[in-house]
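Asker: Build me a model:
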Amino acid sequence: MAKNPMELKWQEIPLGFVWHQPKSSLNNHTGSWRSERPIWDEQHCIRCGVCALFCPEACIRTDERGYFHADLDYCKGCSICAHECWTGCIKMKPEEA
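Answerer: Now for the predicted structure:
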């Protein structure tokens, strides 16, 4: 029986490895190691969606009014959304202990 891919050491992973359990990252709350969180200033947001387009975790969603916010269970605090925001309405705020 083959090993569970999650139990493999990096040296054991074959070249061209394909993981066959899509969306398995939804089981991991990757936001737990974030040191900064994105904060949106809705007064300056033009609801363009550029932040969601560039988010590597695809964790930015719209609310019922069409404004974007990160799902903090999965946001890693990489600040790409703030860097790519055309209006500068996203600021990174340090996490509080």
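
Asker: Next one, pLDDT for the residue nearest to the spatial centre of the chain please.
Answerer: By CA atoms, centre = their mean, the chain has its centre lying nearest to residue 57, at 3.1 Å. For residue 57, the pLDDT comes out at 88.

Asker: do the same with residue 2
Answerer: We have a pLDDT of 61 for residue 2.

Asker: Show me where this structure has its helices.
Answerer: For the chain, the helices defined by DSSP state H cover 50-54, 80-84.

Asker: could I get these as TSV with mean pLDDT, distance to residue 70 and mean neighbour count?
Answerer: For every residue, glycine as well, the C-beta is placed using N, CA and C. As requested, these are exported to TSV (pLDDT from 0 to 100; distance: least, CB to CB, whole Å; neighbours: other CB atoms under 10 Å):
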stretch	mean pLDDT	distance to residue 70	mean neighbour count
helix 50-54	97	8	16
helix 80-84	97	7	17
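
Asker: In the protein, what residue spans correspond to strands?
Answerer: For the chain, applying DSSP state E gives strands covering 36-40, 60-62, 68-70, 90-94.

Asker: thinking again about what came up before, closest to residue 36 out of the helices of the chain?
Answerer: helix 80-84 (9.0 Å; CB to CB).
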